[in-house]
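S.K.: Below is the structure, and that's it, no one-letter string:
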């Protein structure tokens, strides 16, 4: 198995894990151990991207513009920070991070041939997870409203 294959297998595993913990977060459930378990493949994926695709050059990491670089590294930092935050803060930040990463993953599977093999899983995870998260958040909001 090539380094590139391992790099992007870790990406889809990390994304699936992030989808799962975001779904649990929307249900107000949080397991720090599951969160840490999801962080491991994500961080290893980012390490491999930096080492083998970018060759530790910021110019390579920002070749498509600085905005994507800033947004996705901010999401990475938030994901890494969540085990150290209060549960209430971690829940919201995990959902925001998942939605942010979903936008990038969705675009990447259409733009880059190296990850087009993951198009169906990414689309399925993005749509189903986002729909469930939206449903849970809207339902919980409705349940908290006072009756008329």
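M.R.: Done, it's in. Everything numeric here is computed off the predicted structure, so don't read it as measured data.
S.K.: going forward, measure contacts and count neighbours with C-alpha atoms only.
M.R.: Fine.
S.K.: buried sites along stretch 28-38?
M.R.: By neighbour count with 16 or more other CA atoms under 10 Å, stretch 28-38 contains the buried residues 30, 35, 38.
S.K.: for the first one, helix, strand, or coil?
M.R.: Which is residue 30. Of the three states, residue 30 takes coil under DSSP: H, G, I helix; E, B strand; the rest coil.
S.K.: could you measure the closest residue to it other than its chain neighbours against residue 4, distance?
M.R.: For residue 30, ignoring the flanking residues on the chain, the nearest one in space by CA to CA, 6 or more residues apart in numbering is residue 24 at 6.4 Å. Distance of residue 24 to residue 4, given as CA to CA, to the nearest Å: 30 Å.
S.K.: host element of the residue nearest to residue 30?
M.R.: Element membership of residue 24, judged by DSSP states H and E, is helix 3-26.
S.K.: Please work out the average pLDDT along stretch 22-35.
M.R.: Computed over stretch 22-35, the mean pLDDT rounds to 94.
S.K.: and that stretch, how far out from the chain's middle?
M.R.: In terms of CA atoms, centre = their mean, to the nearest Å, the centre of stretch 22-35 is found 13 Å from the chain centre.
S.K.: likewise stretch 135-142?
M.R.: Mean C-alpha position of stretch 135-142 versus that of the full chain (CA atoms, centre = their mean) differs by 22 Å.
S.K.: Let me see the ranges of the helices in the protein.
M.R.: 3-26, 32-48, 58-61, 66-81, 87-111, 119-144 (DSSP state H).
S.K.: Deepest-packed of those helices, please.
M.R.: helix 3-26 (a mean of 20; mean count of other CA atoms under 10 Å).
S.K.: Packing partners of the helix or strand of the chain with the lowest mean pLDDT?
M.R.: Using mean pLDDT, DSSP states H and E, helix 119-144 stands out as the lowest-scoring helix or strand of the chain, at a mean of 92. Applying 3 or more CA pairs under 8 Å, 6 or more residues apart in numbering; DSSP states H and E, we find helix 119-144 packed against helix 3-26, helix 87-111.
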